[in-house]
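**Q** Next comes the sequence, and after it the predicted model I'd like to discuss.
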Amino acid sequence: MHASAPVSRRHFLSAASAAGLFQVVPRHVIAASGQTPPSEKLNIAGIGVGGQGFRDLQNLAEENIVALCDVDHAYAAKAFERFPGAKRYKDYREMLEKEKGIDAVLIGTPDHTHAVIAAAVMRAGKHVFCEKPLTHDVREARALAHIASETKVRTQLGIQGHSGEGARLIYEWVRAGALGEIREVDAWCSLSYHPPGHANWSPKWMRRQDDAPPMPEGLEWDLWLGPAPHRPYHPAYHPRTWRAWWDFGNGMMGDRGVHTLDPVVWALDLGLPESVDATSLDINPDTHPLASIVTFRFPAKGDRPPVKLTWYDGLRPPRPPQLEAGRILGGKEGGALLKGSKGMLACGVYGDSPRLIPESAMRDFLPNRPAPSLPRIEEGHYANWARACKGQGQASADFAYGAHLTEICLLGNIAKRIDGRIDWDAAAMRVTNNEEANRHVAPEYRAGWSL
């Protein structure tokens, strides 16, 4: 360093750490940076810990799980049993007020409460991991990306495949030109909203319910509803079956779509679509359609041509003639098919098991495939976020990326709701050809709730 050059404390500590001068960094030394020192465990709280949130927490069990918050303590009982030392709450606002020692928060609530909770957590200066999709509407996605940038906390979206090998191989192969020019992509989730579909996404009640069954003991229904319009409790909504209801979930477009479109959006560097067109089976104001075909059109970018991306919801795409007889296209429940001028590539729901088709093309490609150009995340998606919270690198799927990916899927849902085409002005955040569609871009919150 030049003697005359001013050296900030942060710059000095970073340089010293890189040189191996510091092995243990006390918390107080870097507390002002908002990062937890790598020599300590994170104090993590979970919000929404009865379902996927509980599974997420178990992947972070090596850290300190200090508080658990769920509006339904009976549903969250297994999390309480697994982490008996954690303080228990029903209202995340009370938890954030009382538990000042929390470093980071994991959010596993239904989609419609992701944004209000994540916004409060970030404004409280806590790092946050949020399950996918990041938000329930487009306005929320833009807002969370802004708050994350403003607060500078470490964020991670629960798209676990983004930290995996498959997504990285797809990125490297596409960027190396292995498929040539890609103008079309098919992606799909073959789970349906009616039997024999998965019970968690296939409520047997397909319309709003008029009966009023007794409320489960201990359930705070008003808190469960959050910013969504009020309606009486019914087991058609909680637990688990909320995903298929417009007021609470984003259907398969928001659930599996965010996973499956991730490697496609990443590898092709897709911005936001200019238009989205949908055709659906069973349009109604309460629940997602039984099946849909949604077509996204992305403009050209740099040397990449325009891309037509077709999402098959509850369906499977046409089987390419190049695929050998008896071979499954993608995964059992979904996947993606990238169609290039030099060849085609199929993968599973999470970007897993990418293969060129036919298999003879894969055999010819393997000896000459490009060398890895992206770093591998050996520790996995959860530990990757924890390390980022401690100041060790970046999280692989932060909210800047996660909000963009989520917005694409939410635009698909808006097209499904009107059963037609929307033209999207991304700069203005507006649908330009259908004024009615704009009420789904930023729905009003119930009184008492805000971002």
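**A** Right, received. Where do you want to start? Numbers count the residues shown, from 1 in each chain.
**Q** Go ahead and confirm residue 251 touches residue 258.
**A** No - using C-beta atoms under 8 Å, residue 251 is not in contact with residue 258; the gap is 11.2 Å. For every residue, glycine as well, the C-beta is placed using N, CA and C.
**Q** what sits in contact with each of those two?
**A** Taking C-beta atoms under 8 Å, 6 or more residues apart in numbering as the criterion, residue 251 and residue 258 do not both touch any residue.
**Q** Do a quick rundown of the helices in the chain.
**A** Secondary structure of the chain, counting by DSSP state H: helices at 9-18, 27-30, 52-58, 77-82, 92-98, 114-123, 138-151, 165-175, 221-225, 251-254, 256-268, 359-365, 381-389, 399-418.
**Q** Can you list the buried residues in the fifth one?
**A** Using 16 or more other C-beta atoms under 10 Å as the burial criterion, the residues of helix 92-98 that qualify are 92, 95-96.
**Q** now that helix, how far from the centre of its chain.
**A** For helix 92-98, the separation from the chain centroid amounts to 24 Å (computed by C-alpha atoms, centre = their mean, to the nearest Å).
**Q** neighbouring contacts of it?
**A** 45, 47, 67, 69, 87, 89, 102, 117, 120-121, 124, 126.
**Q** residues in contact with the most centrally placed residue in the chain?
**A** Closest to where the C-alpha atoms of the chain average out (C-alpha atoms, centre = their mean) is residue 132, at 2.8 Å. Counting by C-beta under 8 Å, 6+ apart, residue 132 makes contact with 157-159, 254-255, 258-259, 402, 406.
**Q** Return the most buried member of the helices of the chain.
**A** Ranked by mean neighbour count, those are led by helix 251-254 with a mean of 28 (mean count of other C-beta atoms under 10 Å).
**Q** packing partners for that helix?
**A** For helix 251-254, the elements it packs on are strand 307-313, helix 399-418, judged by 3 or more C-beta pairs under 8 Å, 6 or more residues apart in numbering; DSSP states H and E.
**Q** Below-threshold pLDDT in this protein: ranges please.
**A** Along the chain, segments meeting pLDDT under 70 span 1-39, 192-206.
**Q** Can you give the domain ranges for it?
**A** What automatic domain parsing lists as the domains of the chain is 9-160+384-398, 163-372+404-440.
**Q** What count of nearby residues applies to residue 439?
**A** 12 (other C-beta atoms under 10 Å).
**Q** okay, the helices of the chain in JSON lines with distance to residue 317 next?
**A** Shown next, in JSON lines, are those (distance: least, C-beta to C-beta, whole Å):
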{"stretch": "helix 9-18", "distance to residue 317": "48"}
{"stretch": "helix 27-30", "distance to residue 317": "50"}
{"stretch": "helix 52-58", "distance to residue 317": "27"}
{"stretch": "helix 77-82", "distance to residue 317": "38"}
{"stretch": "helix 92-98", "distance to residue 317": "40"}
{"stretch": "helix 114-123", "distance to residue 317": "29"}
{"stretch": "helix 138-151", "distance to residue 317": "26"}
{"stretch": "helix 165-175", "distance to residue 317": "17"}
{"stretch": "helix 221-225", "distance to residue 317": "36"}
{"stretch": "helix 251-254", "distance to residue 317": "14"}
{"stretch": "helix 256-268", "distance to residue 317": "12"}
{"stretch": "helix 359-365", "distance to residue 317": "19"}
{"stretch": "helix 381-389", "distance to residue 317": "28"}
{"stretch": "helix 399-418", "distance to residue 317": "15"}
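**Q** out of those helices, which comes closest to residue 185?
**A** helix 256-268 (5.5 Å; C-beta to C-beta).
**Q** how distant is that closest one from the center of its chain?
**A** With C-alpha atoms, centre = their mean, you get 10 Å for helix 256-268.
**Q** Export only the CA atoms of that helix, formatted as CSV.
**A** What follows is helix 256-268, C-alpha atoms only, in CSV (Å, rounded to 0.1, in the frame of the first residue of the first chain):
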residue,chain,number,x,y,z
ARG,A,256,-42.3,-25.5,-9.9
GLY,A,257,-42.1,-22.8,-12.6
VAL,A,258,-39.6,-20.8,-10.6
HIS,A,259,-37.4,-23.9,-10.2
THR,A,260,-37.7,-25.1,-13.7
LEU,A,261,-37.3,-21.7,-15.5
ASP,A,262,-34.3,-20.8,-13.4
PRO,A,263,-31.5,-22.5,-15.4
VAL,A,264,-33.2,-21.3,-18.6
VAL,A,265,-33.5,-17.6,-17.5
TRP,A,266,-29.9,-17.8,-16.2
ALA,A,267,-28.2,-19.5,-19.2
LEU,A,268,-30.0,-17.4,-21.8
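**Q** Quick one: closest of the helices of the chain to residue 183.
**A** Proximity to residue 183 (C-beta to C-beta) singles out helix 256-268 among the helices of the chain, at 10.1 Å.
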